[in-house]
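Undergrad: predicted model follows, preceded by the sequence.
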Amino acid sequence: MASPDETRSDAPPTPEPRPPSVDRLARAIADVDLPHPLLVDAARSAVASGNPATAEQRARNIAGTQARSLLTSVVNATGVLLHTNMGRSPWMNLPGNGSDRYSSLELDLDSGERGSRQDRAPRLLARMCGAESAMVVNNCAAGVLLALAALADGRGVVVSRGELVEIGGGFRIPEVMSQSGADLVEVGTTNRTRLVDYEAAVNGNDVALALSVHRSNYRITGFTESVAACDLTGLGVPVLADLGSGLVDSACQWLDDGPPSWLEGEPAVRQTLEAGVDLVTFSGDKLLGGPQAGIIAGRADLVARCAAHPLARALRPGSLVLGSLQELALAYLSRDGRSIPFWRMAVLPVGELRRRASAISVDLAADTMAVPGGGTLPGVEIPSAGLMIPGDRVAELRAGTPPVIARVHDGSTVIDLRTVHPHDDDVVRAAVNRLT
């Protein structure tokens with residue numbers, strides 16, 4: 001009888017499993033909603049990374065991860081009305097009928113000649129906020145950059161030290177000013193700046209502008225003093241007010257019940273211009289409630305100088321943004337706050353939110369607190385209602401289709417219905433049922 005060693009030496013070697021065909025793997029995972037070239041990429045990665053026997057599952061996992069990483073719609077149940085990570089205001093309206101049509105972006109329909117993309121939506125925006133003129137760029141920081149470059153290149157701009165803010169992404173006002181070519185002239189101190197500080201700076205420097213920056217994402221309290229933008233109008237130089245948050249009018253004429261109490265003290269575009277400020281910049285996707293954009297509005301001659309600057313072309317928005325802003329401006333001019341999703345959500349009565357919460361789950365219904373978000377109105381809370389689930393379940397909710405984005409507070413998962421459209425209540429109900 002042969003020894004075990006002899007038996008092993010006579011047996012043929014076990015062949016290595018052959019790698020599966022990349023094309024076969026790609027076709028096997030065709031139910032993943034991605035174009036075929038991306039499925040091929042996933043299949044190649046799976047074949048290169050390990051055991052051929054598990055390649056199909058790995059390819060499916062890789063493709064599924066890529067599909068989930070694409071831009072998609074989500075249910076914002078955080079209670080943060082202007083959530084930067086979710087695009088801030090939920091505005092998607094576009095003008096016209098039929099998605100395959102072109103737009104009259106730069107076409108003058110009367111003459112048939114080329115027109116300007118700054119003639120339509122900007123004209124409505126100017127009318128909306130009581131400005132002589134307006135123009136649109138791709139965000140508020142771009143508006144400040146363009147205004148400084150066009151109006152103060154190589155000259156001084158006076159700013160209070162208490163307003164040298166850092167905006168989203170780590171960018172800071174001094175850095176934006178440096179890129180514009182303007183010279184920063186700091187006045188006052190972090191906590192106290194007086195009008196006399198501005199006057200001394202204007203008299204002692206070659207100053208082109210006075211810049212007032214709304215501290216929309218933080219507060220300074222205690223031993224403080226500051227100068228409002230309207231109080232700078234007697235300095236003898238144009239005043240540029242960066243209002244950031246973009247509240248159109250403090251009277252909120254588009255709301256049936258007028259301004260909500262949580263807006264108290266928030267500077268508004270119309271009133272700032274009426275007080276004599278020459279130029280304002282503000283965001284399209286914050287309290288304005290529209291798409292990401294920056295609006296420059298005010299004196300026609302100053303807006304024209306901004307529009308003529310070479311940076312204006314680099315910073316200009318496309319037809320989707322301008323068309324969306326046109327629809328938004330028409331809603332404001334019609335005083336139709338109900339058609340603006342941000343305002344519809346922001347002023348919804350708590351009683352209605354409680355009713356919806358109880359309809360989803362009586363046992364989990366609870367009062368909550370929403371916030372404006374988006375770097376606006378720091379410290380402000382808005383009474384709200386939703387669902388409270390014990391423990392941290394946000395990852396499970398986020399993994400659903402569509403993802404439901406919630407928050408954790410005091411060890412419980414909060415689903416705040418103020419930021420959930422009523423037609424998504426069934427989505428929330430199904431997500432909660434999967435957890436409980």
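TA: Received the coordinates, thanks.
Undergrad: quick check: end-to-end length of stretch 340-356?
TA: 21 Å (CA to CA, to the nearest Å).
Undergrad: which other residues reach it?
TA: With CB atoms under 8 Å, 6 or more residues apart in numbering as the test, stretch 340-356 has contacts from 81-82, 89-91, 254-255, 257, 260, 287, 289, 328, 331-332, 337-338, 365, 367, 372, 382-386, 417-419, 421-422, 425. Any C-beta I mention is one placed from the backbone N, CA and C, and that applies to glycine too.
Undergrad: show me how to select, in ChimeraX, the buried members of those.
TA: With 16 or more other CB atoms under 10 Å as the criterion, this ChimeraX line picks the buried residues out of the contacts of stretch 340-356:
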select :81,82,89,90,91,254,255,287,289,328,331,332,337,365,372,382,384,385,386,417,418,419,425
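Undergrad: can you map out the strands along the stretch 151-300 of the chain?
TA: Applying DSSP state E, counting those that start in this stretch to the stretch 151-300 of the chain gives strands spanning 156-160, 183-187, 207-213, 239-244, 279-283, 294-298.
Undergrad: wait, which of those is closest to residue 396?
TA: With distances scored as CB to CB, the stretch of those nearest to residue 396 is strand 279-283 (33.5 Å).
Undergrad: what angle sits between that closest one and strand 207-213?
TA: 40 degrees (axes from the mean of the first three to the mean of the last three CA atoms, to 10 degrees).
Undergrad: show me what strand 279-283 is packed against.
TA: Applying 3 or more CB pairs under 8 Å, 6 or more residues apart in numbering; DSSP states H and E, one finds that strand 279-283 contacts helix 140-152, strand 239-244, helix 269-274, strand 294-298.
Undergrad: what comes into contact with that strand?
TA: 129, 131, 139-140, 143-144, 147, 151, 238-246, 269, 272-273, 288, 292-299, 302-303, 374.
Undergrad: what do you get for stretch 185-194?
TA: In contact with stretch 185-194 (CB under 8 Å, 6+ apart) are residues 156-162, 164, 197-198, 200-201, 205, 207, 220, 222-227.
Undergrad: can you flag the buried ones in these?
TA: Buried, going by 16+ other CB under 10 Å: 156-160, 162, 164, 197-198, 201, 207, 226-227, out of these.
Undergrad: poorly predicted segments of the stretch 51-200 of the chain, please.
TA: Scanning the stretch 51-200 of the chain for pLDDT under 70 picks out 92-99, 167-170.
Undergrad: from residue 358, how far off is the closest residue in space to residue 249 that isn't next to it in sequence?
TA: Spatial nearest neighbour of residue 249, excluding adjacent residues (CB to CB, 6 or more residues apart in numbering): residue 270 at 4.4 Å. Using CB to CB, to the nearest Å, we find residue 270 at a distance of 40 Å from residue 358.
Undergrad: more neighbours: which of these two?
TA: residue 270 (19 against 14; other CB atoms under 10 Å).
Undergrad: now do the more buried one, the pLDDT please.
TA: pLDDT for residue 270: 97.
Undergrad: and the gap between it and residue 227?
TA: Noted for residue 270: a distance of 20 Å to residue 227, by CB to CB.
Undergrad: do residue 415 as well
TA: As judged by CB to CB, residue 415 and residue 227 stand 43 Å apart.
Undergrad: do residue 161 as well
TA: Residue 161 sits 12 Å away from residue 227, taking CB to CB as the criterion.
Undergrad: same thing with residue 333?
TA: For residue 333, the distance to residue 227 - CB to CB - is 33 Å.
Undergrad: over to residue 432: give its phi and psi.
TA: Dihedral pair for residue 432: phi -70, psi -40, per degrees, to the nearest 10.
Undergrad: now it. Nearest residue, chain neighbours left out?
TA: residue 361 (6.0 Å).
Undergrad: on that earlier part again, turn the strands of the stretch 151-300 of the chain into TSV, including distance to residue 348.
TA: TSV is the format used below for the strands of the stretch 151-300 of the chain (distance: least, CB to CB, whole Å):
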stretch	distance to residue 348
strand 156-160	37
strand 183-187	43
strand 207-213	32
strand 239-244	25
strand 279-283	23
strand 294-298	26
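Undergrad: so which of these gets nearest residue 29?
TA: strand 279-283 (41.7 Å).
Undergrad: mind giving me CSV with the helices and strands packed on strand 279-283 and columns for distance to residue 119?
TA: CSV is the format used below for these (distance: least, CB to CB, whole Å):
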stretch, distance to residue 119
helix 140-152, 18
strand 239-244, 23
helix 269-274, 20
strand 294-298, 15
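Undergrad: looking at the ones you listed, which is nearest to residue 392?
TA: Shortest separation from residue 392 across the helices and strands packed on strand 279-283 is recorded for strand 239-244, at 33.1 Å, computed as CB to CB.
Undergrad: average pLDDT across that closest one?
TA: Mean predicted confidence for strand 239-244 is 93.
Undergrad: same check on stretch 421-428?
TA: Here the average pLDDT along stretch 421-428 is 96.
Undergrad: cool, stretch 373-380 as well?
TA: For stretch 373-380, mean pLDDT is 84.
Undergrad: for it, list every residue counted as buried.
TA: 373-377, 380.
Undergrad: nearest to residue 390, of these?
TA: Residue 390 lies nearest to residue 373 out of those, by CB to CB, at 25.3 Å.
Undergrad: please export the C-alpha coordinates of stretch 57-72 as PDB.
TA: The C-alpha trace of stretch 57-72 is given here as PDB (Å, rounded to 0.1, in the frame of the first residue of the first chain):
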ATOM      1  CA  GLN A  57     -21.000  39.600  -5.300                       C
ATOM      2  CA  ARG A  58     -18.000  41.900  -5.000                       C
ATOM      3  CA  ALA A  59     -18.800  43.400  -8.400                       C
ATOM      4  CA  ARG A  60     -22.400  44.000  -7.300                       C
ATOM      5  CA  ASN A  61     -21.300  45.600  -4.100                       C
ATOM      6  CA  ILE A  62     -18.800  47.900  -5.900                       C
ATOM      7  CA  ALA A  63     -21.500  48.900  -8.400                       C
ATOM      8  CA  GLY A  64     -24.100  49.400  -5.700                       C
ATOM      9  CA  THR A  65     -21.800  51.600  -3.800                       C
ATOM     10  CA  GLN A  66     -21.100  53.800  -6.800                       C
ATOM     11  CA  ALA A  67     -24.800  54.000  -7.600                       C
ATOM     12  CA  ARG A  68     -25.600  55.200  -4.100                       C
ATOM     13  CA  SER A  69     -22.800  57.800  -4.300                       C
ATOM     14  CA  LEU A  70     -24.400  59.600  -7.200                       C
ATOM     15  CA  LEU A  71     -26.400  62.800  -6.600                       C
ATOM     16  CA  THR A  72     -30.000  61.700  -5.700                       C
END
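Undergrad: and it, which residues are buried?
TA: 58-60, 62-63, 66.
Undergrad: and those, which two are furthest apart?
TA: It's 58 and 66 that sit farthest apart of the buried residues of stretch 57-72, by CB to CB, at 12.8 Å.
Undergrad: I'm done for today, thanks for sticking with me.
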